[in-house]
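Chemist: could you look at this predicted model? Sequence included:
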Amino acid sequence: MGFKGYERDRHDSNAEFWAAEALGSGADDSDVLNETWGEGAVVVIRSTAVSGTSPTLDVDVQASEDNSDWTTLGSITQITAANEERNYKLQGCGDKNYQYLRLSPTIGGSATPKVTVNAWLAI
């Protein structure tokens, strides 16, 4: 695994999962990143807006060696308001040689809940 020294707030468009994406019920997985990353890389999610009644966003951080079979590494849970930030530090991948990353969202709430987010990988 390669390591790079990017800053946590880096907003490189090549390392973005979502850019101002309004996630609603049945939202698709994020873009797949094909990035060199290693321990210490951080998935950053910032909410910018919410709508509906009691909206919640949970996100599974998933990795793959082949862009086909996905493993959930961990979760970011309960984003419920605008201007919240959650981070997930990638670690403990063992002997896996993961090359691909994606985010898989679950939206909760009622009255057409949506959470608008920016999400990226800070390496």
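Modeler: Here it is on my side, so go on.

Chemist: give the contact list for Lys89.
Modeler: 40-42 (CB atoms under 8 Å, 6 or more residues apart in numbering). From N, CA and C alone the C-beta is placed, and that goes for glycine too.

Chemist: so Glu16 bridges to which residues?
Modeler: On the basis of DSSP bridges, Glu16 is bridged to Trp120.

Chemist: my error: substitute Val50 in the last question.
Modeler: In this entry, Val50 is beta-bridged to Val115, by DSSP bridges.

Chemist: from Ala27, how far off is it?
Modeler: Distance from Val50 to Ala27, counting by CB to CB, to the nearest Å: 14 Å.

Chemist: of those two, who's got more company?
Modeler: Neighbours per residue, other CB atoms under 10 Å: of Val50 and Ala27, the larger number sits with Val50, 22 against 19.

Chemist: what residues of the helix or strand harbouring Ile76 count as buried?
Modeler: Element membership for Ile76, per DSSP states H and E: strand 71-79. Within strand 71-79, the residues scored as buried using 16 or more other CB atoms under 10 Å are 73-74, 76, 79.
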